[in-house]
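1. Okay, sequence plus prediction incoming.
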Amino acid sequence: MSQADALFAGEMPELYDAYLVPLIFQSYAEEIARRAVDGNAESVLETAAGTGIVTRALAPLLGSDARYVVSDLNAPMLRRASARQPSDKRISWQQADALDLPFDDGTFDLVCCQFGVMFFPDRIAGYREARRVLKPGGRFLFNVWDRIEENDFARVITDTLALLYPEDPPSFLARTPHGYHDVTRIEADLRSAGFAKVEIQTIAHASTAPTANHPAIAYCQGTPLRNEIEARPVWSLETATARASDAVREAYGDGPVSAKIQAHVVVARI
């Protein structure tokens, strides 16, 4: 993964939160939140929290004495998350690298991470850190996107941009968000990091948007795919977004659009 794949800067966090979060993240955040409280989780660490969609889903479900640390490596994303969250004495916000967590061994009952491990430069190292800060009997709960062929909007937009830039197709979506989908590899990586029990479930949802332009803006302007588009001088960001919007409209219609998304939900125990 290149450094640009993890670069969420400028207006990207706001567009990500406004367009991409309701498009593909909300239903899986609710899934993570439900699983997080299915057990005794009085101390929770969230890594790679992004703009806080899991935080907003999970915080209302935790007990009044819970301790909830919300972290992300990217300061603009974390600022966006904290600004969206009502004041809550149980929650603390901390910029932190998931591969080098600033917490003592055995601190948390639960570590959760929504669609973040794909961005880890060294996933096994990140898994070891999650294991290190878990208490005995603790859980590491996370999700990853399935392959891009199972995620329709991402596939259509990637295919469209490949036609627009045939000499150097932007491949961020297939390479990074959808590039870590092999469940055999995921389980092997977790076991290499010291987890003894691994459960993986593949879950599909419908992704809906009010217009075809919504997914185009979400992916082309609210993710690091934007960095790839802007690095290519042939077509502007606006043109690429418009072509992506046309492709979604052609595939799914002129009005509200709906398509399949699919992800793996993982629970690992020591």
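-> Ah, there it is.
2. my guess is T51 meets Y19, correct?
-> No - shown here, T51 and Y19 do not form a contact pair, counting by Cβ atoms under 8 Å, at 11.2 Å. Backbone N, C-alpha and C define where each C-beta goes, glycine included.
3. Who has more neighbours out of these two?
-> T51 (27 against 22; other Cβ atoms under 10 Å).
4. Export the helix ranked longest in the chain to CSV, keeping only CA atoms.
-> Ranked by residue count and defined by DSSP state H, the top helix of the chain is helix 237-252. The C-alpha atoms that make up helix 237-252 are tabulated as CSV, following Å, rounded to 0.1, in the frame of the first residue of the first chain:
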residue,chain,number,x,y,z
LEU,A,237,-11.7,15.3,-11.1
GLU,A,238,-15.1,16.8,-12.2
THR,A,239,-15.0,14.9,-15.5
ALA,A,240,-14.1,11.6,-13.8
THR,A,241,-16.9,12.0,-11.3
ALA,A,242,-19.4,12.8,-14.0
ARG,A,243,-18.4,9.7,-16.0
ALA,A,244,-18.7,7.6,-12.9
SER,A,245,-22.1,9.0,-12.2
ASP,A,246,-23.2,8.3,-15.8
ALA,A,247,-22.1,4.7,-15.4
VAL,A,248,-24.0,4.2,-12.1
ARG,A,249,-27.1,5.7,-13.7
GLU,A,250,-26.8,3.4,-16.7
ALA,A,251,-26.5,0.4,-14.5
TYR,A,252,-29.0,1.2,-11.8
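5. elements contacting it?
-> Using 3 or more Cβ pairs under 8 Å, 6 or more residues apart in numbering; DSSP states H and E, the elements in contact with helix 237-252 are helix 152-164, helix 213-222, helix 225-230, strand 257-269.
6. Next, the angle helix 213-222 makes with that helix.
-> Taking axes from the mean of the first three to the mean of the last three Cα atoms, to 10 degrees, one finds helix 237-252 and helix 213-222 inclined to each other by 140 degrees.
7. Run through who's touching helix 237-252.
-> Residues from elsewhere that reach helix 237-252 (Cβ atoms under 8 Å, 6 or more residues apart in numbering): 152-153, 156-157, 159-161, 164, 212-213, 215-217, 219-221, 226, 229-230, 235, 257-259.
8. Now it: average pLDDT?
-> Averaging pLDDT along helix 237-252 gives 97.
9. And for stretch 260-270?
-> Per-residue pLDDT over stretch 260-270 has a mean of 97.
10. for stretch 83-94, same thing?
-> On average, the pLDDT along stretch 83-94 is 94.
11. Ok, stretch 223-232 next?
-> For stretch 223-232, the mean per-residue pLDDT is 94.
12. for the spatially most central residue of the chain, what are its contacts?
-> Against the mean C-alpha coordinate of the chain, by Cα atoms, centre = their mean, the closest residue is F115 at 2.7 Å. Counting by Cβ under 8 Å, 6+ apart, F115 touches 25, 28, 48, 50, 143-145, 177, 263.
13. do the same with P102
-> By Cβ under 8 Å, 6+ apart, the contact list for P102 reads 94, 96.
14. low pLDDT regions in the stretch 1-150 of the chain?
-> Applying pLDDT under 70 to the stretch 1-150 of the chain picks out residues 1-10.
15. That one: helices as residue ranges?
-> All helices of the stretch 1-150 of the chain, identified by DSSP state H, counting those that start in this stretch, fall at 12-15, 26-36, 53-58, 75-84, 123-133.
16. right, and these - which one's nearest L173?
-> When those are compared by Cβ to Cβ, helix 12-15 sits nearest L173, at 14.6 Å.
17. can you pull the buried residues of that closest one?
-> Neighbour counts over helix 12-15 (16 or more other Cβ atoms under 10 Å) mark 12-13, 15 as buried.
18. which parts of stretch 25-40 are buried?
-> So stretch 25-40, judged by 16+ other Cβ under 10 Å, has buried residues 25, 27-33, 35-37.
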